[in-house]
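Visitor: What shape does this take:
(chains A and B)
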Amino acid sequence: MNNGTVDARHLLCPLPVIRTQDAIAALCPGDSVRVLCTDPGAIHDIPAWCRIHGHEVCDISKHDYEIVITVRVGTTE
Amino acid sequence: MPDSRKAVALISGGLDSLLAARVVMDQGIHVEGINFFTGFCVEGHTHALRNRERARPKRNNALWVAEQLGIKLHIADIIEEYKNVVLNPKHGYGANLNPCLDCKIFMVNKALEWMEANGFDFIVTGEVIGQRPMSQRKDTMPVVARESGAHERLVRPLCAKNLPASLPEQEGWLERSRLHAFSGRSRKPQMALAAHYGIEDYAQPAGGCCFLTDRQYSVKLADLWNTRGKREYDLDDIMLLKVGRHLRPRANFKLIIGREEGENRFMEGYRKRFVHMIPTSHSGPLVLLDGNPDPGDIDLAARLTARFSQGRDAEQVAIQVTERNGGTRTLAVTPMPADQIPADWYL
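Guide: A predicted model of the protein is given here:
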C-alpha cells in the first residue's frame, strides 16, 4: 500500500482536483492519498470527482482554513 | 471491431455540452467527458474568492454534469500550452482578448489527442451553428473540424443535421435521424430537449465561462502586458487579475486591493512575494503592490490603502508596510479623498 500527500494549498478549483487526479493515476487500488487544500470548493469538487471515478473519500477534516481530504483509490480506473 | 463505439465529449459544465453528450449516449455510445482548465475559466473561482457568490451552488458544473450523466470526467491542465492560443491567436480576438475560434480548435485538437491515446472513436461537442459570434458560425465550424485535425470524427449532435454527415453517421455508429438541427442564438430548443430528458437544474446558457470574454478582465490583462513591456503571463498573474480592485497610479506599480474577506484570504497566499500593506488602526483590506514601487511611491500606496479601509474618513490611519524581505514598518497617513483618485487609475 502506498500513501501519498498532495499539497494543493492556495490553489483554486479545479486545480486541487487535477492534482488529485494526477496523483491517483500513479497509485494502485487500495492506496490512499491525503489532499491538503485551502479552497472550500474542494470539499465539493474532490468528492464529486471521486464519485464518478469510483474512489472513496475516507475523511474530510478542516483546521482553520486548511482542509484535508483523504481518498482511497478504487478499482474502476 | 469493438462492440460499443466510444466518444469523448467536451464538457464545459453548460447545458449544450450536457445535451450533446446525452444525445450520443442515447444511441448506445460509451461516452467519457473531458474538461480543459486554461487558467481563465470562471468555473469555481468566484465561489472560492467572493463571499457574495455564496448563494450560488458550490459546485464545479463540469463535474456536476458528468455526475448527472453518469460518465467519467477527465480534467486536463492545459495552462502552459494554452498560452500560445492567448498570445498568438491565428484567427484573432473577439470583442475582448478572447481567442474563441483558436480556443475551440485547440481544445478539439487536445480531445483528438486524448481520443487517440485512449482508443476512443470520435469527439462530441455541444456546438450549435450561430450560437456564438466567433467560433460557432456556419463558416467557422468547418474550420474547427479541419484545423483541429478531427475532421469527420468531430460530431456536433445538437446541429448535426445542418452539417455534412460525420464519420460516425456515415458508418452507422450514430443514426443521423436521431440527431438535431438546432441553429441560432435561441435557447428554446435546448431547453425543450432538457425538459424532454427531465433535466431541470443546469448551469447558465453556454458561454460566459471564460474571463477572456470579460471586458474588465481583458483591460487588466492588456495593462499587465503593457506595463511589463512583453506579452507573457504565468498562472499567478492571471489568478490575481481575477481578485480584488486594481488601481494603477504609476507605470511601475499597481495596487491589488482585497474587496472582502474571501479575497483577502486568497491574497494572503501571495503576500510574501509582494510589498504589501494592511491597515492596523482600522479594519481594512490586504493590499499587494504589484511591480517595483519606488520608496517615494509607498506613501501614495499607503494613502490609497487607507482610503479603502474603515478609516477612510479618519484624519490618520496606521498602515503596516511589509517589504519582500519581511521587514515591516508602520506609517501614519491621511486617507486619500475619493475625489482625488483619478478615474483612469482604476483598471
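Visitor: Please make it C-alpha for all contacts and neighbour counts, starting now.
Guide: Noted.
Visitor: Which helix or strand lies directly C-terminal to the helix or strand bottoming out on mean pLDDT in chain B?
Guide: Lowest mean confidence among the helices and strands of chain B (mean pLDDT, DSSP states H and E): helix B:45-49, at a mean of 55. Scanning forward in sequence from helix B:45-49 by DSSP states H and E, the next helix or strand is helix B:61-69.
Visitor: I'd say B:Asn98 and B:Leu212 touch.
Guide: Yes - with contacts counted by Cα atoms under 8 Å, B:Asn98 reaches B:Leu212, the gap being 4.7 Å.
Visitor: Which pLDDT does the model give whatever residue of the stretch 101-250 of chain B ends up closest to chain A?
Guide: At 8.9 Å from chain A, B:Met239 is the closest residue in the stretch 101-250 of chain B, using Cα to the nearest Cα. Here, the pLDDT recorded for B:Met239 equals 90.
Visitor: Quick one: residues contacting it.
Guide: B:Gly39, B:Phe40 (Cα atoms under 8 Å, 6 or more residues apart in numbering or on different chains).
Visitor: swap in the one 4 residues further on?
Guide: If you count contacts by Cα under 8 Å, 6+ apart, B:Val243 has them with B:Leu49, B:Ile256, B:Gly258, B:Glu263, B:Met267.
Visitor: quick check, it in a helix?
Guide: No - counting by DSSP: H, G, I helix; E, B strand; the rest coil, B:Val243 is not found in a helix; it is coil.
Visitor: And the pLDDT at it?
Guide: 90.
Visitor: how near is it to B:Tyr346?
Guide: 14 Å (Cα to Cα, to the nearest Å).
Visitor: Next: B:Gly13.
Guide: Computed as Cα to Cα, the B:Gly13 to B:Tyr346 distance reads 32 Å.
Visitor: And those two? Which one has more around it.
Guide: Shown here are B:Gly13 and B:Tyr346; by other Cα atoms under 10 Å in any protein chain shown, B:Gly13 has more neighbours (23 against 14).
Visitor: what residues are up against the more buried one?
Guide: B:Asn60, B:Asn61, B:Ala62, B:Leu63, B:Trp64, B:Val65, B:Ala203.
Visitor: just the residues you listed: which has the poorest pLDDT?
Guide: For the contacts of B:Gly13, the pLDDT minimum is B:Ala203, 74.
Visitor: So what's the residue count around the residue lying closest to that one once chain neighbours are set aside?
Guide: In space, and not counting its chain neighbours, B:Ala203 is closest to B:Gly14: 5.3 Å by Cα to Cα, 6 or more residues apart in numbering or on different chains. By other Cα under 10 Å, the residues close to B:Gly14 number 20.
Visitor: Can you verify my assumption that B:Gly14 contacts B:Met191?
Guide: No - checked against Cα under 8 Å, the pair B:Gly14 and B:Met191 is beyond contact range at 11.9 Å.
Visitor: can you list residues touching both of the two?
Guide: Residues touching both B:Gly14 and B:Met191 (Cα under 8 Å, 6+ apart): none.
Visitor: Output the below-cut-off pLDDT ranges for the stretch 201-347 of chain B.
Guide: Low-confidence segments of the stretch 201-347 of chain B (pLDDT under 70): B:204-208.
Visitor: For it, which segments are assigned as strands?
Guide: Residue ranges of the strands in the stretch 201-347 of chain B, as given by DSSP state E, counting those that start in this stretch, are B:245-250, B:253-257, B:275-279, B:287-291, B:317-322, B:328-333.
Visitor: can you tell which of these is closest to chain A?
Guide: Per Cα to the nearest Cα, nearest to chain A of the strands of the stretch 201-347 of chain B: strand B:287-291, 16.1 Å.
Visitor: Could you list the residues in contact with that closest one?
Guide: Taking Cα under 8 Å, 6+ apart as the rule, strand B:287-291 contacts B:252-258, B:267, B:271, B:274-278, B:301, B:305.
Visitor: quick check, nearest of those to A:Ile18?
Guide: Closest approach between the contacts of strand B:287-291 and A:Ile18, by Cα to Cα: B:Met267, at 21.6 Å.
Visitor: The closest one: how many residues sit nearby?
Guide: The burial count for B:Met267: 23, using other Cα under 10 Å.
Visitor: wait, it sits on B:Ile278?
Guide: No - between B:Met267 and B:Ile278 there is no contact under Cα under 8 Å: 11.9 Å.
Visitor: any shared contact partners between the two?
Guide: With contacts taken as Cα under 8 Å, 6+ apart, B:Met267 and B:Ile278 have B:Leu286 as neighbours in common.
Visitor: which parts of chain A sit against chain B?
Guide: Within chain A, the positions near chain B by Cα under 8 Å from any Cα of the partner chain are A:10, A:12-15, A:18, A:39-41, A:44-45, A:48-49, A:51-53.
Visitor: now do 7 Å
Guide: Taking Cα under 7 Å from any Cα of the partner chain as the criterion, chain A approaches chain B at residues A:10, A:12-14, A:18, A:39-41, A:44-45, A:48-49, A:52-53.
Visitor: Can I get those in CSV including pLDDT, secondary structure and neighbour count?
Guide: Below are the residues of chain A next to chain B laid out as CSV (pLDDT from 0 to 100; DSSP: H, G, I helix; E, B strand; the rest coil; neighbours: other Cα atoms under 10 Å in any protein chain shown):
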residue, pLDDT, secondary structure, neighbour count
A:His10, 86, coil, 19
A:Leu12, 87, coil, 24
A:Cys13, 88, coil, 29
A:Pro14, 92, coil, 27
A:Ile18, 96, helix, 19
A:Asp39, 88, coil, 25
A:Pro40, 87, coil, 19
A:Gly41, 88, coil, 23
A:His44, 92, helix, 16
A:Asp45, 94, helix, 23
A:Ala48, 95, helix, 21
A:Trp49, 97, helix, 26
A:Ile52, 96, helix, 19
A:His53, 96, helix, 21
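Visitor: just curious, which of those residues is nearest to B:Val23?
Guide: A:Ile52 (19.6 Å).
Visitor: Residues in contact with the one helix or strand in chain A whose mean pLDDT sits lowest: which ones?
Guide: One helix or strand of chain A scores below all others by mean pLDDT, DSSP H and E: strand A:3-8, with a mean of 92. Identification of contacts with strand A:3-8 by Cα atoms under 7 Å, 6 or more residues apart in numbering or on different chains yields A:Pro16, A:Arg19, A:Thr20, A:Asp31, A:Ser32, A:Val33, A:Arg34, A:Val35, A:Leu36, A:Cys37.
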